[in-house]
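S.K.: sequence and computational prediction follow.
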Amino acid sequence: GTASGTTNAGTASGTTHAGTASGTTYTGTTTPGTTPGTASTTTKPKSKFMKIPFPDVYRSKPPSIPPLLEQELDELKAAILSVYSNYQRKNLPPRHNLSRCEREAVEAIRTSTDIIVKRTDKSGGFAVLDRAGYIDKVKTDILSDRESYRPLTRDPNPKESSRVKHGIKGILCKPNQQYLSGLLVTHQPRAPELYCNPKTHKPDNPMRPISSACGSAAEKPAWLLCQILTQALKFVPERLRNTRDFIERVSELPPLSPGDIIFSTDIKAMYTNIPVGEGIDVVTDFINRHKADINMFGLDITDVFGLLTTSLECSFFHFDGKYYLQIKGMGMGNRLAPPFAIIYVHSIELGFLERYHLKPVCWYRFLDDGWSIWEHGEEELRLFMEYLNSCHKTIKYTIEQSYTSIPFLDVLTTVNQEGKIDFELYTKPANVGIILNYFSNHPKSMINNTARQAVARGIQYGSTEGGRNRGVSKVRQLLINNDYPPAIVDKLIHTVLHPRNNTRHPPPAVGTTPIPLVVPFINEDIKRQVQAVVHKSRLAGCTRVVTTPGPKLQQLLTRSTLNPPKCPAPTHKCFTCTNGPAQCTTKNVVYSLTCSQCGEVYVGETSTQIRSRISQHRNAVRNITGKATSAMKDHYIKHHPNTTDTQREIPFSIRILARCKDWVDRKIKEKSYIKDIRPKINTQYINNFDTGW
């Protein structure tokens, strides 16, 4: 957090939008009397089209609100900003989780060209790798597999982006779908990036490949399809939602007989081994059978089939300056992969189990992990697993079995003397045991809730007194290892074991949801002052304060990309790269332009690539007779008229001030920088800066 006075309660126009869903827009409102899955015949955004919560971090704007509420929010915003302004005037040094030496080390690691930091797979820690060794291992162990990956000779992103764009518009061609098709097309998409996390819990530390598709051409249609497929998962009976669901289901089973075996299965490289073409047919048929009970968002089954094909065929990625095409299975990191894989595996396993003459007592699955009971003896179990591994060309299983006890998810399942299954908290040996540190600069309520939830897991996952005691003991040691004082840990354990009715903070009334007001966390005193301001306002009954701490080590140290994207200009050196940041393809930023002749500054924001926005400024200045308007153009016409000759280059430098999350974040930070820098070229500073703040 910083004391910049920026909150998610204001925008550059002086309006406040507390409580809007960050990164969420809606394609319209539902028509009274219409049923889910239908759409009206008009194409306008304000039409009676199916309501779709669509995330778009670049274009989304909060909905408008009544003027009276706008005024109340403005008053609340001003009061909150005064709290942070008073803190700034005191010039108090900020509190950091890291010492000065540690911060310097983090910066050295982050900017190093010799090493790279990645999250370890499943253990929750970090791995510091030699950069050259990491690249060589990924190419040798992963990308050398010609059955799964094929190197490409040129950048496929322009061609694939065009294919996806025209595919979407061709599929969603009905009059009532044109607005939706426009939302699904990504403007200036980037190529997916491959990165790998090392599996430090296995010999030789093999890599898990993950393809980051954020901002790619197929991201938005994949998001919409994910909303549809996720609804269909309720028709997969063996699917487990979480550990609590697993415990509840297994607890209802009858006691096991002597000789019964409990076993867990794991599908080898499930995502990579699912045949995409066959999977699209299977998943489409499954959705078609249950479409009456699913909100299809105005799509029919042919639309779903077309969007699945268009999205999953976009399977290329970028790594270390080269491009590759995944020709087998799906990449981990694809938004569609989990629900798609669950439905596909369910459909084929249904046939596997029906055709075999012996059946397991139960069959539960969480993604690629399964848990079952077998009552036909060890030899028949071996034959059953051989049968399963012969049913499909690429889907193969491994097994772990026992007569007494096996781990599954984060619980240990044990057969007791009565034949029932007992449970207790299980921690994998590879887990590094990291939890939010007690002395971290986070709100104390967050620290206490983190510890309380960990204790609750230890208690809830234990089905016997001994299991609960062992689970609580593991959690207690975990908390102490993360600097929680033993006395406070014991008090938290007692509080969870013996809860009291909370009469000080009654739950909100049914049907009401407090609006989150997000502010940066500085310290407990600032948080209390902000809460007091909100409590005294007229919005106290519908607002709750949410504080955001500073960045995590993962955000500071890890990146999906090895190198910044190259400039798309033919010479790889466009005007923006020459006069400012090398990363000219960066989107969603607040930037500044400085006139090289007089030093005056302009501050702006853009959702597109910064090179595109800078080109608009540049062309407007160079073409003084054109219709394009720009504050920079007005500045050069008024103060440097000789510079606007179209044969001369425009002398201004470029700087990225901040990278932002969404429309709200951009507007807040733009106005904050305008307040701090006071740029004279900005028209909003000249005309209404005082009234805006």
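M.R.: In hand now; what should we look at? Numbers count the residues shown, from 1 in each chain.
S.K.: CA only for contacts and neighbour counts going forward, please
M.R.: Fine.
S.K.: now tell me what touches stretch 320-329 from outside.
M.R.: Outside stretch 320-329, the residues that touch it by Cα atoms under 8 Å, 6 or more residues apart in numbering are 135, 147-156, 271-276, 315-318, 562-563.
S.K.: of those, which belong to helices?
M.R.: 135, 271-273, 276 (DSSP state H).
S.K.: what's the next secondary structure element after the longest helix anywhere in the chain?
M.R.: Across the chain, the longest stretch assigned as helix under DSSP H is helix 67-89. Where DSSP states H and E defines the elements, the next helix or strand beyond helix 67-89 is helix 100-111.
S.K.: find the nearest non-adjacent residue to Leu253, please.
M.R.: Of all residues beyond its chain neighbours, the one nearest Leu253 is Lys420 (8.0 Å), with distances taken as Cα to Cα, 6 or more residues apart in numbering.
S.K.: quick check: mean pLDDT of stretch 253-270?
M.R.: Mean pLDDT, computed over stretch 253-270, is 92.
S.K.: next: stretch 71-78.
M.R.: The pLDDT scores in stretch 71-78 average 83.
S.K.: in it, what's buried?
M.R.: 73-74, 76-77 (16 or more other Cα atoms under 10 Å).
S.K.: CA atoms of it as CSV?
M.R.: Written as CSV, here are the backbone C-alpha positions of stretch 71-78 (Å, rounded to 0.1, in the frame of the first residue of the first chain):
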residue,chain,number,x,y,z
GLN,A,71,-22.8,13.2,-4.1
GLU,A,72,-22.7,11.0,-1.0
LEU,A,73,-19.9,8.9,-2.5
ASP,A,74,-18.0,12.1,-3.4
GLU,A,75,-18.3,13.3,0.2
LEU,A,76,-17.1,9.9,1.5
LYS,A,77,-14.2,9.9,-0.9
ALA,A,78,-13.0,13.4,0.2
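S.K.: one step back: using CSV, lay out the buried residues of stretch 71-78 together with distance to Ile294.
M.R.: What follows is the buried residues of stretch 71-78, written out as CSV (distance: Cα to Cα, whole Å):
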residue, distance to Ile294
Leu73, 38
Asp74, 41
Leu76, 41
Lys77, 41
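S.K.: nearest to Arg289 among the residues you listed?
M.R.: Using Cα to Cα, Leu73 comes nearest to Arg289 of the buried residues of stretch 71-78, at 47.9 Å.
S.K.: excluding covalently adjacent residues, which one is nearest to the residue positioned nearest the centre of the chain?
M.R.: By Cα atoms, centre = their mean, the chain has its centre lying nearest to Cys214, at 8.9 Å. The shortest distance from Cys214 to any residue other than its chain neighbours is 7.0 Å, reached at Pro192 (Cα to Cα, 6+ apart).
S.K.: so which elements touch the helix or strand harbouring Tyr195?
M.R.: Following DSSP H and E, one finds Tyr195 within strand 193-198. Using 3 or more Cα pairs under 8 Å, 6 or more residues apart in numbering; DSSP states H and E as the contact criterion, the elements in contact with strand 193-198 are strand 115-119, strand 207-212, strand 316-319.
S.K.: again, only this time at 7 Å
M.R.: strand 207-212, strand 316-319 (3 or more Cα pairs under 7 Å, 6 or more residues apart in numbering; DSSP states H and E).
S.K.: given the next helix or strand after the last one, what are its sheet partners and their directions?
M.R.: Proceeding C-terminally, strand 316-319 gives way to strand 322-326 as the next helix or strand, assigned by DSSP H and E. Strands adjacent to strand 322-326 in the sheet, as given by DSSP bridges, are strand 149-152 (antiparallel), strand 316-319 (antiparallel).
S.K.: can you say which of those strands is packed in most?
M.R.: strand 316-319 (a mean of 24; mean count of other Cα atoms under 10 Å).
S.K.: list the contacts of that strand.
M.R.: Outside strand 316-319, the residues that touch it by Cα atoms under 7 Å, 6 or more residues apart in numbering are 191-194, 323-326.
S.K.: can you check stretch 481-500 too?
M.R.: 434-435, 437-438, 452, 455-456, 476, 480.
S.K.: for it, measure first residue to last.
M.R.: Taking Cα to Cα, to the nearest Å, stretch 481-500 runs 28 Å from one end to the other.
S.K.: ok, back up a step: quick one: closest of the helices and strands packed on strand 193-198 to Ile373.
M.R.: Proximity to Ile373 (Cα to Cα) singles out strand 207-212 among those, at 30.0 Å.
S.K.: direction-wise, compare the closest one with strand 193-198 and give the angle.
M.R.: Going by axes from the mean of the first three to the mean of the last three Cα atoms, to 10 degrees, strand 207-212 is angled at 150 degrees with respect to strand 193-198.
S.K.: let's number from 550 now, not from 1
M.R.: Sure thing, new numbering starts at 550, so read that last one as strand 756-761.
S.K.: if we can go back for a sec, quickly note the distance from the residue nearest to Leu802 to Trp920.
M.R.: Counting by Cα to Cα - Lys969 and Trp920 are separated by 15 Å.
S.K.: show me the shaky parts of the chain.
M.R.: Applying pLDDT under 70 to the chain flags the ranges 550-614, 1050-1061, 1120-1121, 1131, 1173-1177, 1192-1199, 1233-1242.
S.K.: same list (the contacts of strand 865-868) but as a markdown table, adding distance to Ile1205 and neighbour count.
M.R.: A markdown table is the format used below for the contacts of strand 865-868 (distance: Cα to Cα, whole Å; neighbours: other Cα atoms under 10 Å):
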| residue | distance to Ile1205 | neighbour count |
| --- | --- | --- |
| Ala740 | 22 | 24 |
| Pro741 | 23 | 28 |
| Glu742 | 23 | 21 |
| Leu743 | 26 | 24 |
| Tyr872 | 28 | 21 |
| Tyr873 | 31 | 20 |
| Leu874 | 33 | 18 |
| Gln875 | 35 | 20 |
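S.K.: okay, the residues you listed in TSV with distance to Leu1102 next?
M.R.: As requested, these are exported to TSV (distance: Cα to Cα, whole Å):
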residue	distance to Leu1102
Ala740	25
Pro741	23
Glu742	21
Leu743	21
Tyr872	29
Tyr873	30
Leu874	32
Gln875	31
